[in-house]
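what follows is a predicted structure for the sequence shown.
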Amino acid sequence: MGDAVASSHVRLLAKDFRSSARAKADSYFILHTSSLKLAHCPRSLAPTLVAYVDHSHCPVLAPATLAALPSTRAIPDRDVFYLAHPIRSILPFLRVDFRVKPSLTGIILEELADFLRERGAPSYRAKQITDWIYKKRVASFDAMTDLPNELRAELTAEFNTLNTEIVRVLGSKDTTQKFLFRLRDQNLIESVLIPASPALYGQPSDRRTICVSSQVGCAYGCKFCASGLEGWTRNLDAGEMVQQLIAIEKESGEKIDNVVFMGMGEPLANLKNLLRAIRIINAPWGLGIGARHITVSTSGLAPQIRELANESMQFRLALSLHGATDEVRSRIMPVNRKYPLKVLLEACDYYVAKKRRMTIEHILIAGVNDTDEQARGLAKIARRLSAKINLIPYNTVEGLEWSRPSRARREGFQSILRKHGVIATLRREKGHDIAAACGQLRLQTKQAEREIRLSV
Ligand code: SF4
């Protein structure tokens with residue numbers, strides 16, 4: 001029914017009930033992953049796995065012993081995993097160890113050197129390992145042929161290499177491509193690969209930007225965005241962010257030049273992991289992408305903007321403003337109630353005074369924030385922050401009623417900004433036909449998977 005467990009990131013620890021029914025809490029033994037089967041649970045709405053104990057492979061849990069156990073059917077844990085035995089429950093005798101092996105793509109070179117030193121291995125091995133991952137792009141420790149076997153085995157026991165999987169790729173007419181990833185815990189995220197100039201006549205485009213997700217879902221609920229429609233599930237770790245780049249470069253055959261943290265999630269709500277990921281993306285031993293080619297977008301978390309101002313890395317910051325007054329901005333972005341414009345702009349003043357420029361993103365929504373008055377207010381804010389403005393025509397989201405303004409209105413809005421001395425570019429929308437707006441592909445896929453499960 002299911003695939004044998006490929007990775008040992010889920011370990012079952014079974015109480016040794018042979019010696020005593022009241023065994024001590026620490027008397028557990030490990031059920032090896034070869035004695036388990038994992039399968040999707042067809043009847044659950046949650047992205048559920050069922051772990052069946054295949055006791056025929058287990059020398060300790062003999063069928064006769066299992067048959068003597070009390071019975072129930074399934075053991076829910078953390079909403080996403082179910083442990084089950086088809087006949088009799090082993091609930092009182094099992095606990096699930098969800099210790100997830102860290103991904104090597106989330107580890108800093110110096111940390112890797114420390115890990116090796118503690119095990120008596122020379123620290124130069126750390127650079128050999130990062131070369132295998134980031135330069136030679138191997139997917140397993142077995143392929144790292146200049147490492148001793150013993151070390152490879154230790155690394156395999158402690159770390160994962162690549163554990164995010166591309167499950168869908170959609171290419172659009174203008175060559176924007178959208179990638180749907182399934183993470184180790186079955187959650188879905190999206191990334192988009194955007195060429196700066198469309199590829200023509202089979203020639204490669206001249207610059208490739210990847211839009212990276214930083215969370216599964218999002219808690220901020222901006223009204224134009226599909227990512228927030230089902231709320232926040234969890235933060236991505238640094239390795240999962242870095243792997244989006246590695247996997248997309250491999251799948252597309254394209255070298256990525258620019259990174260924008262503008263996919264699913266609010267990056268500044270996951271600041272620690274974000275900064276770690278940026279460090280790895282930027283490092284010469286990592287992906288080697290210059291800090292000025294890395295942009296972090298925020299819906300306006302004022303305290304974290306102040307924190308970023310004190311950060312030494314020189315990546316760029318984009319503020320998703322979308323409204324020049326509290327009244328309009330709060331209609332579009334609920335976060336404005338927590339950090340209204342006064343608080344937000346003071347944090348931005350602090351950032352601009354300590355760092356470089358920031359850019360302002362303004363999604364143009366017909367009849368909501370595309371008036372002349374909004375344009376004048378936006379110009380005032382941009383001048384205060386010495387910021388350039390990116391105008392983005394609204395991308396239709398299924399289930400939301402808004403629409404994009406006419407071309408004439410978009411250009412009229414841009415010309416008001418220019419008249420007030422502000423640099424404003426009107427972005428040519430890309431990927432409108434492939435659900436490229438944040439979170440849409442994931443939402444459609446989750447919906448389709450639900451329908452399949454319900455029909456089973
Ligand atoms: S735009 Fe960004 S911050 Fe707002 S809901 Fe979408 S993912 Fe979250």
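Nice, I can see it. None of the values given here were measured: they were computed from a predicted structure. Numbers count the residues shown, from 1 in each chain.

following the helix or strand hosting Ile129, which helix or strand comes up?
Ile129 belongs to helix 124-130 when assigned by DSSP states H and E. Of the helices and strands lying after helix 124-130 in sequence (DSSP H and E), the nearest is helix 149-158.

only the buried residues of that following helix, if you could.
By neighbour count on 16 or more other CB atoms under 10 Å, the buried set for helix 149-158 is Leu151, Arg152, Glu154, Leu155. For every residue, glycine as well, the C-beta is placed using N, CA and C.

whatever helix or strand comes next after it: partners in the sheet, and parallel or antiparallel?
Using DSSP H and E, the helix or strand that follows helix 149-158 towards the C-terminus is strand 165-171. Strand 165-171 pairs in its sheet with strand 177-182 (antiparallel), by DSSP bridges.

could you export the strand it pairs with as CSV, CA atoms only?
Written as CSV, here are the backbone C-alpha positions of strand 177-182 (Å, rounded to 0.1, in the frame of the first residue of the first chain):
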residue,chain,number,x,y,z
GLN,A,177,7.9,29.2,-14.5
LYS,A,178,6.2,28.2,-11.3
PHE,A,179,7.4,25.3,-9.1
LEU,A,180,5.4,23.6,-6.5
PHE,A,181,7.5,21.8,-3.8
ARG,A,182,6.4,19.1,-1.4
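
for that strand, give the mean pLDDT please.
Strand 177-182 carries an average pLDDT of 91.

next one: stretch 135-147
Across stretch 135-147, pLDDT averages out at 93.

what about that stretch, how long is it end to end?
End-to-end distance for stretch 135-147, by CA to CA, to the nearest Å: 16 Å.

which strands and helices sit next to the helix holding Ile129?
Where contact means 3 or more CB pairs under 8 Å, 6 or more residues apart in numbering; DSSP states H and E, helix 124-130 is packed against helix 109-118.

in the helix it packs on, what's buried?
Buried residues in helix 109-118, counting neighbours by 16+ other CB under 10 Å, are found at Leu109, Leu112, Ala113, Phe115, Leu116.

same question for stretch 158-167.
The neighbour-count check on stretch 158-167 (16+ other CB under 10 Å) flags Phe159, Asn160, Thr161, Leu162, Asn163, Thr164 as buried.

and the pLDDT at the nearest residue to Lys355 once chain neighbours are set aside?
Computed as CB to CB, 6 or more residues apart in numbering, the closest residue to Lys355 that is not its neighbour in sequence is Ala309, at 5.6 Å. Ala309 carries a pLDDT score of 93 in this model.

and for Ala309, the neighbour number?
Neighbour count for Ala309, taken as other CB atoms under 10 Å: 17.

my read is Leu319 is in a strand, agree?
Yes - counting by DSSP: H, G, I helix; E, B strand; the rest coil, one finds Leu319 located in a strand.

for the stretch 201-350 of the chain, just list every one of the strands.
With DSSP state E, counting those that start in this stretch as the criterion, the stretch 201-350 of the chain has strands at 208-211, 215-217, 232-235, 258-261, 294-298, 316-320.

now for the buried residues of helix 149-158: which two are most distant?
Using CB to CB, those span at most 7.4 Å, a distance reached by Arg152 and Glu154.

give the buried residues for stretch 403-422.
Arg404, Pro405, Arg409, Arg410, Phe413, Gln414, Ile416, Leu417, Val422.

pick the one among the residues you listed closest to Gly228.
Nearest to Gly228 out of those is Arg404 (CB to CB; 19.3 Å).

contact partners for the closest one?
Leu364, Ile365, Ala366, Pro393, Tyr394, Asn395, Thr396, Arg410, Glu429 (CB atoms under 8 Å, 6 or more residues apart in numbering).

one more time with 7 Å, if that's ok
Residues in contact with Arg404 (CB atoms under 7 Å, 6 or more residues apart in numbering) are Leu364, Ala366, Pro393, Tyr394.

low-confidence ranges, this structure, go.
Counting by pLDDT under 70, the ranges of the chain that qualify are 1-100, 172-174, 196-206, 399, 428-456.

how about the residues of it by the ligand?
Neighbours of the ligand within the chain, by CB under 6 Å from any ligand atom: Cys218, Tyr220, Gly221, Cys222, Cys225, Ser227, Gly228, Met264, Gly265, Glu266, Ser299, Cys438.
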